[in-house]
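>>> dropping the sequence and predicted coords here.
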Amino acid sequence: MAAPVVRYTAPSAHHATTGTGAPANRSAHIPDRTSPEAYRDYLVGRELAPATVEKYVREAERFVAYACQGGYAATPSVAQPIALPLASLTKRAVLGYKGWLTECFAPATVNAALAATNKYLAFVGRSDLCVQPLRVQTVAFRLPGRDLTRADYERLLAAARQTGDERMLLVLQTVCSTGMRVSELRYVTLEAVRERSAVVSNKGKVRRVWLPDQLCEGLLAYAGRRNVANGPVLLSSAGQPIERTYVWRHMKALARHAGVDERKAYPHNLRHLFALTYYDAYRDLDALGEILGHARVETTRIYVATTGAERQRQISSLELAGGAATPFAE
C-alpha cells in the first residue's frame with residue numbers, strides 16, 4: 001500500500017490547546033518544530049542521505065495525517081493542511097497508529113515506519129510517546145523465487161539492446177558489475193571511467209569502486225556519442241542524476257519485454273546478484289562488504305545467505321528422520 005503524501009501546518013502557540021479548550025503546556029515550541037521544513041532541516045543537518053530525509057519526512061506526514069483522523073482508525077488521507085494535535089497526543093494514539101501499520105504492511109516496513117515516527121516524536125519533544133518496534137525473527141536465508149539470476153540478468157540486457165535503450169543497458173551493467181547503488185551512479189564520471197575507478201561518498205562513508213575494463217569501454221563509447229566532455233556519464237534526458245524510480249520503472253518494462261518475472265526486476269537485486277557472484281568466486285565476506293560499502297559485516301552476510309531450498313536440502317541430507325516414511329507392518 002502506497003504511503004499517502006500529505007502536507008500539514010503547525011498550530012500557533014496562541015491556538016494550541018489540550019483538546020478541552022485549555023492552553024497547552026507544550027505550545028511554546030510547537031510553531032517551529034512541528035513544521036515539515038524544520039524537520040527536514042534537522043535531518044539534513046544530521047547528514048542523512050537525501051533519500052532517507054525524504055522518507056522520514058513522508059513518514060512524519062503520514063503519522064500526522066493519521067493522528068488527525070477522528071478515532072485514529074481511518075487510513076491517513078487529507079487534502080487540506082492540518083494541524084498536529086501535539087499537546088493532546090497520547091501513547092494510546094501512537095499505539096493505534098502502530099496497529100494500523102501492522103494490519104497494512106509487512107513487519108520490516110512497519111519497523112522502518114516506526115523508526116521514522118519515533119525520530120519525529122523525539123524531534124518535537126515527545127520522546128515519551130515513542131513505541132517499540134515489532135519483534136521479528138531474522139531470516140537467515142533468502143526467500144525462494146526472489147533472486148535475479150544471471151540468466152534473468154542476461155535477458156534484461158538483451159531486451160535493452162533490442163529496444164535500443166543504450167542508457168538503461170549501461171545502467172544495468174554498471175550497477176551489476178560493480179555492486180554500486182543507483183544513487184551512486186553520479187560518481188561514475190568521465191574522469192573516473194578513464195581511471196577505471198570511482199570515489200564514492202554515501203551514508204557518511206567514502207570508498208573506491210572499481211570499474212571493469214569492458215564496462216569502461218562501453219561508457220567511453222557512450223560518452224563520445226553523447227558529447228560528454230566531463231562529469232557524470234550517465235544522466236537523465238534532462239541532464240540530472242538518474243533516480244532509483246527511473247531504473248525501477250524501466251527494469252519492469254524490460255522484464256515484461258524479456259519474459260522475466262517482474263517481481264525480480266528491481267535495482268537492489270542487481271547488487272544482490274553482484275554480491276552472490278563475487279562471494280561464490282572468492283568467498284571473502286570482508287572484501288565484499290568493503291566493495292558494497294557496508295558498515296557491518298552482518299549486513300553483507302544477508303546478501304550471501306543460502307536460499308530456503310538450500311537450507312531444506314542441508315537438513316534433509318542429515319538423514320536423521322530414521323525412515324519416517326516407512327509404514328508400520330500390518
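Good, I have the coordinates.

>>> now the helix or strand harbouring Leu219, how far from the centre of its chain.
In the assignment (DSSP states H and E), Leu219 maps to helix 213-225. The chain centroid and the centroid of helix 213-225 are separated by 29 Å under CA atoms, centre = their mean, to the nearest Å.

>>> now swap in stretch 64-71 and tell me
In terms of CA atoms, centre = their mean, the centre of stretch 64-71 is set 26 Å apart from its chain centre.

>>> I'd like the next helix or strand past the helix holding Leu219.
Of the helices and strands lying after helix 213-225 in sequence (DSSP H and E), the nearest is helix 244-258.

>>> from the contact counts, what lies against that next one?
helix 150-162, helix 166-178, helix 267-282 (3 or more CB pairs under 8 Å, 6 or more residues apart in numbering; DSSP states H and E). From N, CA and C alone the C-beta is placed, and that goes for glycine too.

>>> circling back to that earlier point, go through the helix holding Leu219 and flag the buried ones.
Of the residues in helix 213-225, those buried by neighbour count under the rule 16 or more other CB atoms under 10 Å are Leu215, Cys216, Gly218, Leu219, Tyr222, Ala223.

>>> I'd like the helices and strands packed on helix 244-258 laid out as TSV, including mean pLDDT, distance to Leu86 and mean neighbour count.
Shown next, in TSV, are these (pLDDT from 0 to 100; distance: least, CB to CB, whole Å; neighbours: other CB atoms under 10 Å):
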stretch	mean pLDDT	distance to Leu86	mean neighbour count
helix 150-162	97	48	17
helix 166-178	97	42	21
helix 267-282	93	36	18
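
>>> Glu298 is nearest to which of the ones you listed?
Of all the helices and strands packed on helix 244-258, helix 267-282 sits nearest to Glu298, with 13.8 Å by CB to CB.

>>> one step back: Asn230 is nearest to which of the helices and strands packed on helix 244-258?
Comparing those by their distance to Asn230 (CB to CB), the top pick is helix 166-178, with 17.5 Å.

>>> quick one, the closest one and helix 244-258 angle?
Using axes from the mean of the first three to the mean of the last three CA atoms, to 10 degrees, one finds that helix 166-178 and helix 244-258 are set 100 degrees apart in direction.

>>> how far does helix 166-178 sit from the chain's center?
For helix 166-178, the separation from the chain centroid amounts to 19 Å (computed by CA atoms, centre = their mean).

>>> run the angle between that helix and helix 213-225 for me.
Put simply, helix 166-178 runs at 150 degrees to helix 213-225, going by the same axes, to 10 degrees.

>>> paired strands for the host helix or strand of Ser201, with orientation please.
Under DSSP H and E, the secondary-structure element containing Ser201 is strand 197-202. Each strand paired with strand 197-202, and its direction, by DSSP bridges: strand 205-210 (antiparallel).

>>> need the helices and strands packed on helix 244-258 in TSV with distance to Gly231, can you?
Listed next are those as TSV, based on distance: least, CB to CB, whole Å:
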stretch	distance to Gly231
helix 150-162	23
helix 166-178	15
helix 267-282	22
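
>>> figure out which of those is closest to Pro241.
helix 166-178 (11.5 Å).

>>> other SSEs contacting the closest one?
Packed against helix 166-178, as judged by 3+ CB pairs under 8 Å, 6+ apart, are the following elements: helix 150-162, helix 213-225, helix 244-258, helix 267-282.

>>> now the last one, how far from the centre of its chain.
If I follow you right, that is helix 267-282. The chain centre lies 17 Å from the centre of helix 267-282; the measure is CA atoms, centre = their mean.

>>> what do you get for stretch 245-265?
With CA atoms, centre = their mean as the basis, the distance from the averaged C-alpha position of stretch 245-265 to the chain average is 17 Å.
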